[in-house]
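In: just coords:
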């Protein structure tokens, strides 16, 4: 794997962290997170050469994607069909690759127009990092406007959506502080309160109609 990555020309050896699978999936995820990776490449049959491994590469990718939405995860295997059949809905089957095709450093001439595996990895990393940067920038702009000018109800809703999107991609480290969430929710809360007051007035003026509407 390391040799193929370096020979691809898209990454240096210093870019790579090689880990052996832990018996427990949660421990494996925790160790991966310690390195703050930009992509995850895993074998499918992790237990093939190591005893005590109770999960495969598809399950590893699936679990990692639970806390890192759209994270660049790739499963390499000599059993691509088995891996595709084992994939959960959270794992894109297009992220499952044959080892022979992925690590071939001397591709055949008829494959010259194919997208090299490690170039695909690099492009996916670049796209994911740009998405995070763009989302962070939008969150920052909305947060600054909230603090200095206030937000419209539409903008307040968007702020909360962007905060949720960023949290789903990179975890809690960029989570919007609770006091700012409450401040952002105020325009929406005011609308709900005003709507409630208006409804109460209408019910007082037209009690029969309100009762009929409720029925």
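Out: Cool, got the structure. Owing to the predicted nature of the structure, the values given are computational and were not obtained by experimental measurement. Residues are numbered from 1 along each chain as shown.

In: what about the longest helix in this structure?
Out: Assignment by DSSP state H gives helix 117-148 as the longest helix of the chain.

In: Who are the packing partners of it?
Out: In terms of contacts (3 or more Cβ pairs under 8 Å, 6 or more residues apart in numbering; DSSP states H and E), helix 117-148 is packed against helix 2-8, strand 73-77, helix 99-102, helix 153-170, helix 178-205. For every residue, glycine as well, the C-beta is placed using N, CA and C.

In: In terms of pLDDT, where does the nearest residue to residue 21 once chain neighbours are set aside sit?
Out: Nearest non-adjacent residue to residue 21, counting by Cβ to Cβ, 6 or more residues apart in numbering: residue 46, 4.6 Å away. pLDDT for residue 46: 89.

In: next one: residue 12
Out: Here the pLDDT value assigned to residue 12 is 92.

In: repeat for the one 4 residues further on
Out: The per-residue pLDDT reported for residue 16 equals 94.

In: ok so, going back, mind listing what's buried in the longest helix of the chain?
Out: 117-118, 120-122, 124-125, 128, 132, 135, 138-139, 142-143, 146 (16 or more other Cβ atoms under 10 Å).

In: tell me the angle that helix makes with strand 73-77.
Out: Interaxial angle, helix 117-148 versus strand 73-77 (axes from the mean of the first three to the mean of the last three Cα atoms, to 10 degrees): 160 degrees.

In: Check what contacts stretch 20-38 and list those residues.
Out: 17, 19, 40, 46-47, 50, 52-55, 59-60, 63-64, 67, 72, 125, 128-129 (Cβ atoms under 8 Å, 6 or more residues apart in numbering).

In: Next step: the residues you listed restricted to strands.
Out: Applying DSSP state E to those, the entries found in strands are residue 40.

In: ok, of the contacts of stretch 20-38, which come out buried?
Out: 40, 46, 53, 55, 59, 60, 63, 64, 72, 125, 128.

In: Dump these into a markdown table; add distance to residue 80 as well.
Out: Converted to a markdown table, the buried ones among the contacts of stretch 20-38 look like this (distance: Cβ to Cβ, whole Å):
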| residue | distance to residue 80 |
| --- | --- |
| 40 | 18 |
| 46 | 15 |
| 53 | 20 |
| 55 | 18 |
| 59 | 16 |
| 60 | 16 |
| 63 | 20 |
| 64 | 20 |
| 72 | 18 |
| 125 | 22 |
| 128 | 23 |
